[in-house]
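J.: Starting from these lines, generate the structure:
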Amino acid sequence: MARRRRRSNEIFSMSFLDCMSCGFGAVILFFMIINSHVNATTENENAELMAETNRLEIEVLEGRKNLALKRNTMQKLETKMEDADSQIAQIIALIRELQAELDKYDNETLAKIERVEKLQSDIKSLEEEVRRLMAIKAEQDAAGEQVRTFKGDGDRQYLTGLKLGGERTLILVDRSASMLSDRLVNILIRRNLPEDEQRRSRKWLQAVQTVDWLTSQFRPDDQYQIYMFNNLAEPVIRGTEGVWLTAGDGTQLSEAVRVLRRTTPKNGTNMHGAFAVVKSLDPRPDNIILLVDGMPTMEAATTDKDRVGAIERQNIFARATRELPSGIPVNIMLFPMEGDFDAPISFWSLALASNGSFLTISRDWP
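T.: As a prediction, the model looks like this:
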């Protein structure tokens, strides 16, 4: 009876405990399986994350390395740029110094060139002044030897080509009616005017001024004679036929010019009589100066011809030149006549044949 009560007090039997143990074991096994699976998955994921982390760390390290290298490169570049800027500044300063020095040299060179040019100009001016002063001195020296002086309009005392040398100079002055003008019509008009008016003819006054200029070129010891001719030839100073005058007597020279100014051009041109004067002088002249305006119109003191043609005038001239002794230069001063085309070539030929000179006088000389 007692044994029956012990059995009725046991709540869990062996089978129940076994089931519970098996259940707990199964739960534990399940958790273990799950845990192992979770650990495996976690380990795989961690491995991947670690690998990614390592890769990123490597990249970070590479980036830091590259950044450091770039910083170093930048520093080097900045240093180089600073050095380059410094060198550029030095070069610019040197260029400025050189430019300033070059400008200085250029200015000095220009100044030197200007000084040289100025000196050359001054030298040229001084040379011209010396030449002018020497010319004045020569004129003064010559004036000291000259008996008379002459000054034309504008100081035109020069004459190129005329041979004024010689110890004895004979001046032959044409005083025919053609010396009233260089145009035939005007000659016909003026020869009917009063003599005072005729003597004021431009052409005749020019001839007188030419004689005035010629006489101013004589030296005191020169000998001279002045004859005027138309149909006749006679000395300007009466009573001196065949006689040489001395230029040292300035009064006589001035009187000769005054006589010419009081002389009235008239009548024809007898060149035979003019050239015959050369033979009447003893000793003969060594220089002849002939003032003429055209070909001769007669070969004697009188003529019965009212008109003489060009060919006849050439023949008269040719015969008249035979009166001239050889070896005496004849210097021709031609006052051109309108329409007398043979005169220039004929008188030029005479000057050339006698070794003289031939000049055509312009309207504004002397």
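J.: Low-confidence stretches in the stretch 1-150 of the chain?
T.: Within the stretch 1-150 of the chain, the ranges that satisfy pLDDT under 70 run 1-14, 16-17, 35-46, 106, 136-150.
J.: what ranges do the helices span in it?
T.: Counting by DSSP state H, counting those that start in this stretch, residue ranges of the helices within the stretch 1-150 of the chain are 2-9, 14-145.
J.: Could you dump those helices into a markdown table with distance to Ile189 added?
T.: Any C-beta I mention is one placed from the backbone N, CA and C, and that applies to glycine too. What follows is the helices of the stretch 1-150 of the chain, written out as a markdown table (distance: least, C-beta to C-beta, whole Å):
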| stretch | distance to Ile189 |
| --- | --- |
| helix 2-9 | 202 |
| helix 14-145 | 41 |
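J.: quick one: average confidence on stretch 329-349?
T.: Confidence over stretch 329-349, taken as the mean pLDDT, stands at 91.
J.: how distant is that stretch from the center of its chain?
T.: Using C-alpha atoms, centre = their mean, to the nearest Å, we find the averaged C-alpha position of stretch 329-349 to lie 39 Å away from the chain's own average C-alpha position.
J.: Repeat that for stretch 95-113.
T.: In terms of C-alpha atoms, centre = their mean, the centre of stretch 95-113 is found 29 Å from the chain centre.
J.: go on, stretch 232-240?
T.: With C-alpha atoms, centre = their mean as the basis, the distance from the averaged C-alpha position of stretch 232-240 to the chain average is 55 Å.
J.: Would you mark the buried spots in that stretch?
T.: Buried residues in stretch 232-240, counted by 16 or more other C-beta atoms under 10 Å: Ala233, Pro235, Val236, Ile237, Thr240.
J.: For the stretch 251-366 of the chain, just list every one of the helices.
T.: In the stretch 251-366 of the chain, the segments counted as helices under DSSP H, counting those that start in this stretch are 271-280, 310-321, 342-353.
J.: So which bits of the shortest one are buried?
T.: Going back to what we said before, that points to helix 271-280. In helix 271-280, residues buried by neighbour count (16+ other C-beta under 10 Å) are Met271, His272, Gly273, Ala274, Phe275, Val277, Val278.
J.: quick one, what contacts the fifth one?
T.: This points to Phe275. Contacts of Phe275 were listed using C-beta atoms under 8 Å, 6 or more residues apart in numbering, and they are Ala320, Thr321, Glu323, Leu324.
J.: What count of nearby residues applies to the third one?
T.: The local packing count at Glu323 equals 16, with neighbours defined by other C-beta atoms under 10 Å.
J.: Contact partners for it?
T.: For Glu323, the contact set (C-beta under 8 Å, 6+ apart) comprises His272, Phe275, Ala276, Val278, Lys279.
J.: can we see that at 7 Å?
T.: When contacts are counted by C-beta atoms under 7 Å, 6 or more residues apart in numbering, Glu323 is found next to His272, Phe275, Ala276.
J.: what about Met192, which SS state?
T.: Not Met; residue 192 is Asn. Here Asn192 takes the coil state, with states given by DSSP: H, G, I helix; E, B strand; the rest coil.
J.: Distance check, it against Asp364.
T.: Distance from Asn192 to Asp364, counting by C-beta to C-beta, to the nearest Å: 27 Å.
J.: Least confident of the contacts of Phe275?
T.: Taken together, those show their lowest pLDDT at Glu323, with 87.
J.: State the distance from Lys266 to Met179.
T.: Remark: distance between Lys266 and Met179 (C-beta to C-beta) = 9 Å.
J.: And those two? Which one has more around it.
T.: Met179 (31 against 15).
J.: which ones are touching the nearest residue to that one once chain neighbours are set aside?
T.: Computed as C-beta to C-beta, 6 or more residues apart in numbering, the closest residue to Met179 that is not its neighbour in sequence is Pro265, at 4.1 Å. Pro265 makes contact with Arg175, Ser176, Ala177, Met179, Leu180, Gln198, Trp204 under the criterion C-beta under 7 Å, 6+ apart.
J.: Leu170 belongs to a strand?
T.: Yes. Assessed by three-state DSSP, Leu170 belongs to a strand.
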